[in-house]
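J.: okay, predicted coordinates and the sequence, questions at the end:
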Amino acid sequence: MQFKSKNRKKFLFLFSIFISTSAFILFSCKQNKVNNDQDNVNKEILNYSDEEFEKDFKNLTQSPNFEDHLILKFKNSLEKINVNEISWLQLKNHLNNLVIQAKNEDLNKKIGFSLVDIILVPNNHQINEPKIKVLLTNKKTKKSFEYVFELKKISNQNHQINNSNIDLDKYISYPHNKRFLHDNNEYLKILRNYLSSSMGIKNWHELRKNVVANEKQVKEFNKKAALVNQDSYENLAYKGFTIPSYDKKSNVKGLELFEGLEIGKIPSWVDSLDKKGDDVYKTIGLARKIVNQKYLDIAKQTFSINLTRKNDFKKEIDQIKQNLDLWNKEDAKEKFEQLRNEEIKKLEFDKKNIEEYWNEKIKNTQDHLSRQNLENEKEKNLKAINDKIQYFKKLTLDVEKEILRKKIVEFEKMTKENIHSISENGTMWILDYQLSDNGYPTKWYFGTNSHVARALVDNLTSFSITKINNNLEIGQTLNLSRLDEKITTFYFNDKKAIKKVFDGIGYLNKKPFEFLIPEQKKKFQDYEAFADFAVFEVDFSQIKKLYASSNQKDVTAKYEEYDQKNFAQNLAKEITNDYANQTNKHIKFRKNSYLKDYKNIDYPLQGNNPSDLEYLYAVGWPRSTGDFYLDKKAQGFDIEWARQSLSLWFNTDFSYYNKEIQKQEFDLNNKIDQGNFLSYNVGYRSFINKPGIVDTFIAAPKFGDGFYELNGKKYINMTLGYVPRYYAPIAGASGSSIRNQDNELVSIYYSTNNGARAGLSAAFRSEGFDYQGLYGKYNLPQYDLIYGGGKDQKNSYRDALKNLYPDLKTNLFKNGLEKGFEEYKFGNILTLKDIE
């Protein structure tokens with residue numbers, strides 16, 4: 001379909017916003033039609049064999065060009081995306097909002113089409129061409145094939161920073177702020193082009209309409225910003241960072257949070273400096289290969305936690321009730337008519353474009369039979385859109401409210417059935433344990449994310465812990481978590497055995513709204529600051545029964561043989577891989593942040609690493625659907641196993657996957673024993689002279705595209721953050737710890753941006769930083785998530801333990817919770833002279 005209107009293109013990108021933020025549930029009519037046609041669809045699926053599926057697959061892949069047989073759409077959008085008017089970067093940044101369908105409607109009833117990824121692959125001339133990886137699944141048998149189609153028409157312009165003309169030696173000779181200037185300028189060119197072409201935004205004022213800043217005020221900001229190593233005002237505005245607004249006297253009136261979707265980021269060319277071709281896109285970590293002793297030690301202390309709860313559909317019901325409340329207000333009828341008319345206008349616009357599209361296609365087709373088929377397709381498309389137009393024309397506010405009430409009844413009925421459940425998983429790691437005089441400790445503390453721990457609710461039904469076995473060795477390559485005898489999953493129904501003892505929500509004294517512009521103060525007055533960190537307590541003495549599985553075999557009997565008298569101790573020892581007795585491998589926390597000690601992590605882009613350089617090690621358990629190392633034939637699994645499994649993930653070089661690795665003494669002079677560093681990504685960096693260092697309130701205050709929510713309250717990111725290099729796994733890796741070679745933990749990983757091949761982690765400790773009034777009253781807060789004591793904080797892990805167990809002694813607090821950690825006491829917050 002040809003879209004000629006710039007506004008139409010803008011609408012495509014914003015379509016999902018209108019649906020998610022509107023109280024309009026007009027789109028429920030689509031679901032009703034699906035239900036009415038379901039019987040016919042089911043009959044076709046039931047009669048669809050794998051032989052027919054393979055035949056259809058061959059027909060679909062006869063031509064490698066995606067557009068010959070398939071169409072790409074935004075979720076909830078009627079028409080296809082015109083790839084002539086969109087770039088690879090735009091699609092990559094909206095990956096989760098895209099759906100694939102066959103042009104042949106009959107195939108959509110029998111085959112499921114899933115978008116796996118959009119990638120760039122170099123052609124024979126070493127020019128990167130965009131391709132789309134699609135998973136095709138027989139809906140009846142679940143047999144699947146993957147195929148990589150070409151996106152011939154799609155624009156690859158400005159997909160990444162152009163480094164072809166960079167004099168590398170010259171770039172390396174630059175100080176960090178000059179390197180940033182080069183990369184940031186390239187990124188801003190791409191970003192401005194993207195915002196202009198996709199959203200019609202020509203200057204930063206159009207993007208940040210709530211902000212007041214004249215030319216003189218901007219110049220003054222830029223002068224001060226350079227002194228404290230911050231980016232310029234205009235650049236921050238374009239990047240969606242938090243920026244100040246001024247009054248007539250040029251005083252900072254407050255800061256403005258960017259409320260739109262997250263501004264697109266792109267990968268850093270520096271992060272993949274030594275990689276070429278397709279290898280560039282693999283710089284997100286290594287799956288399942290144990291390359292050195294440090295990674296093995298961390299893997300033995302790192303677990304996947306799965307929490308299963310009853311689905312009471314509370315979130316869905318509450319949302320519908322909120323929508324009903326909106327429709328019961330005085331101005332509801334007027335708003336309803338406005339939204340309905342907008343929807344009808346949109347559909348009529350779609351109809352016009354659909355008609356033009358098919359007419360043009362029919363006009364250019366000579367064969368009579370083909371023309372007839374196209375006419376039929378045109379009529380089918382027009383009928384579908386006409387049906388929708390008529391539906392909306394007849395729809396009244398009362399009918400819409402009745403639809404909502406029926407939805408509530410449906411959800412309440414499903415709740416009463418008591419058979420629906422939700423499972424969520426993330427990564428956790430050994431943080432601490434209560435000291436015991438009676439053998440191996442049985443009460444343990446595990447670090448994870450707040451957004452992982454929020455699944456631990458009152459209606460929890462069970463939980464499971466997945467771990468590698470203690471006999472795993474260096475050089476071994478694991479299979480998927482469900483298909484490897486060296487990985488065991490323990491399932492527990494004893495809900496009392498697990499609880500949350502600390503959560504980073506509301507951990508600071510001040511609320512974010514105190515720093516905001518008047519227009520946002522009221523809106524955000526109930527939002528609090530948060531760090532995406534939480535702590536589970538697992539009490540193995542509360543576990544009476546378990547089920548264990550390894551490589552799809554029931555191995556419960558192995559653990560039922562434990563002496564019942566010492567059952568809890570034996571089970572704790574098994575799951576924690578005897579951590580308590582390996583004191584040389586116990587975790588610690590780094591006493592200074594990398595904002596303060598950046599020289600310790602500042603790696604050279606060329607030449608040998610200094611002997612005192614620190615390396616970072618990250619290990620997590622993401623879902624296997626993002627494991628691009630998988631070889632179905634060699635590893636003997638069906639694609640369905642990847643959906644049900646996890647892959648152990650490391651922040652090291654992917655090239656080790658196919659190398660034979662011998663067990664050897666750990667030595668940082670060996671490249672294979674080195675971990676990694678912080679990323680050069682400029683889309684997140686807020687301190688221009690320190691790659692990988694972020695003030696999340698300035699650069700990434702939201703949780704993805706929205707603000708973090710827990711128990712009906714919302715929270716804003718406000719921490720020191722680090723962007724790790726070579727670590728961007730998919731869902732499930734949330735909660736991964738990041739530590740150095742001395743086993744000193746520095747941060748916890750919580751968010752991945754696939755398009756940028758980068759992610760964010762929250763620092764456990766921040767000395768704070770004085771911006772000298774650049775951001776008004778706001779300065780980077782001083783806090784310590786473990787030991788507490790920061791001038792800006794009111795809660796920490798230690799504080800939480802004190803409230804629960806005042807006399808407790810743990811491995812981290814051997815002398816009790818009131819003393820023994822003098823080295824973690826804070827001084828003054830950092831100023832420029834402390835971090836130069």
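T.: Good, I have the coordinates.

J.: ok now whichever helix in the chain runs longest, how far from the chain's centre?
T.: Longest helix in the chain by number of residues (criterion: DSSP state H): helix 332-363. The chain centroid and the centroid of helix 332-363 are separated by 34 Å under C-alpha atoms, centre = their mean, to the nearest Å.

J.: can you point out the buried residues in it?
T.: Within helix 332-363, the residues that count as buried by 16 or more other C-beta atoms under 10 Å are 332, 335-336, 339-340, 343-344, 346-347, 349-351, 353-354, 357-358, 362. Any C-beta I mention is one placed from the backbone N, CA and C, and that applies to glycine too.

J.: I'd like to know which elements that helix is packed against.
T.: Applying 3 or more C-beta pairs under 8 Å, 6 or more residues apart in numbering; DSSP states H and E, we find helix 332-363 packed against helix 6-21, helix 314-327, helix 368-394, helix 397-417.

J.: pull the CA atoms of the second one into PDB?
T.: So the one you mean is helix 314-327. The C-alpha atoms that make up helix 314-327 are tabulated as PDB, following Å, rounded to 0.1, in the frame of the first residue of the first chain:
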ATOM      1  CA  LYS A 314      -7.000  -8.100  38.700                       C
ATOM      2  CA  LYS A 315      -4.900  -5.900  36.500                       C
ATOM      3  CA  GLU A 316      -7.300  -6.400  33.500                       C
ATOM      4  CA  ILE A 317     -10.400  -5.800  35.600                       C
ATOM      5  CA  ASP A 318      -8.900  -2.700  37.200                       C
ATOM      6  CA  GLN A 319      -8.000  -1.300  33.800                       C
ATOM      7  CA  ILE A 320     -11.600  -1.800  32.500                       C
ATOM      8  CA  LYS A 321     -13.100  -0.300  35.600                       C
ATOM      9  CA  GLN A 322     -10.800   2.800  35.100                       C
ATOM     10  CA  ASN A 323     -12.100   3.000  31.500                       C
ATOM     11  CA  LEU A 324     -15.700   2.700  32.700                       C
ATOM     12  CA  ASP A 325     -15.100   5.500  35.200                       C
ATOM     13  CA  LEU A 326     -13.900   7.700  32.300                       C
ATOM     14  CA  TRP A 327     -17.000   6.900  30.300                       C
END
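
J.: and it, which residues are buried?
T.: Buried residues in helix 314-327, counted by 16+ other C-beta under 10 Å: 316-317, 320, 323-324, 327.

J.: the stretch 551-700 of the chain: strands as residue ranges?
T.: 553-554, 588-589, 616-620, 649-650, 693-695 (DSSP state E, counting those that start in this stretch).

J.: need the residues that contact the last one.
T.: Same thing as strand 693-695. Strand 693-695 is contacted from outside by 594-595, 598, 678, 684-687, 700, 720-723, 760, 769, 780, using C-beta atoms under 8 Å, 6 or more residues apart in numbering.

J.: tabulate the strands of the stretch 551-700 of the chain (JSON lines), appending distance to Phe221.
T.: Converted to JSON lines, the strands of the stretch 551-700 of the chain look like this (distance: least, C-beta to C-beta, whole Å):
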{"stretch": "strand 553-554", "distance to Phe221": "63"}
{"stretch": "strand 588-589", "distance to Phe221": "36"}
{"stretch": "strand 616-620", "distance to Phe221": "33"}
{"stretch": "strand 649-650", "distance to Phe221": "40"}
{"stretch": "strand 693-695", "distance to Phe221": "16"}
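
J.: export these to TSV and append columns for mean neighbour count and mean pLDDT.
T.: Below are those laid out as TSV (neighbours: other C-beta atoms under 10 Å; pLDDT from 0 to 100):
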stretch	mean neighbour count	mean pLDDT
strand 553-554	10	94
strand 588-589	16	96
strand 616-620	27	97
strand 649-650	29	96
strand 693-695	27	98
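
J.: closest one to Lys380 among these?
T.: Taking C-beta to C-beta, strand 649-650 is the member of those nearest to Lys380, at 45.2 Å.

J.: contacts for that closest one?
T.: Under the contact criterion C-beta under 8 Å, 6+ apart, strand 649-650 has outside partners 285-289, 291, 295, 299, 617-622, 727, 729, 733, 736.

J.: what about these, which are in helices?
T.: If you go by DSSP H, the contacts of strand 649-650 have 295, 299 in helices.

J.: so what's the residue count around Leu516?
T.: Around Leu516 there are 25 other residues, counting by other C-beta atoms under 10 Å.

J.: related to what we said a few turns ago, tell me the angle of the longest helix of the chain relative to helix 397-417?
T.: With axes from the mean of the first three to the mean of the last three C-alpha atoms, to 10 degrees applied, the angle from helix 332-363 to helix 397-417 works out at 90 degrees.

J.: average model confidence for helix 332-363?
T.: Helix 332-363 shows a mean pLDDT of 82.

J.: with stretch 717-726 instead?
T.: Across stretch 717-726, pLDDT averages out at 97.

J.: send me that stretch as CSV with only the CA atoms.
T.: Written as CSV, here are the backbone C-alpha positions of stretch 717-726 (Å, rounded to 0.1, in the frame of the first residue of the first chain):
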residue,chain,number,x,y,z
ASN,A,717,14.4,5.3,38.1
MET,A,718,16.8,7.3,40.2
THR,A,719,20.2,5.6,40.5
LEU,A,720,23.7,5.6,39.2
GLY,A,721,23.7,3.2,36.3
TYR,A,722,26.3,1.3,34.2
VAL,A,723,25.9,0.1,30.6
PRO,A,724,27.8,-3.2,30.3
ARG,A,725,29.6,-4.1,27.1
TYR,A,726,28.8,-7.5,25.4
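
J.: how much space separates the closest residue to Ser481 other than its chain neighbours from Ile498?
T.: Nearest residue to Ser481 in three dimensions, chain neighbours excluded: Leu646, at 4.1 Å (C-beta to C-beta, 6 or more residues apart in numbering). Look at Leu646 and Ile498: by C-beta to C-beta, to the nearest Å, they are 19 Å apart.

J.: so which of the two has more stuff around it?
T.: A direct count of neighbours by other C-beta under 10 Å for Leu646 and Ile498 places Leu646 higher, at 26 against 22.

J.: with adjacent residues omitted, what lies nearest to Asn740?
T.: Among residues not flanking Asn740 along the chain, Glu614 sits closest, at 4.5 Å (C-beta to C-beta, 6+ apart).

J.: that neighbour: how many residues sit nearby?
T.: Using other C-beta under 10 Å, Glu614 is surrounded by 21 other residues.
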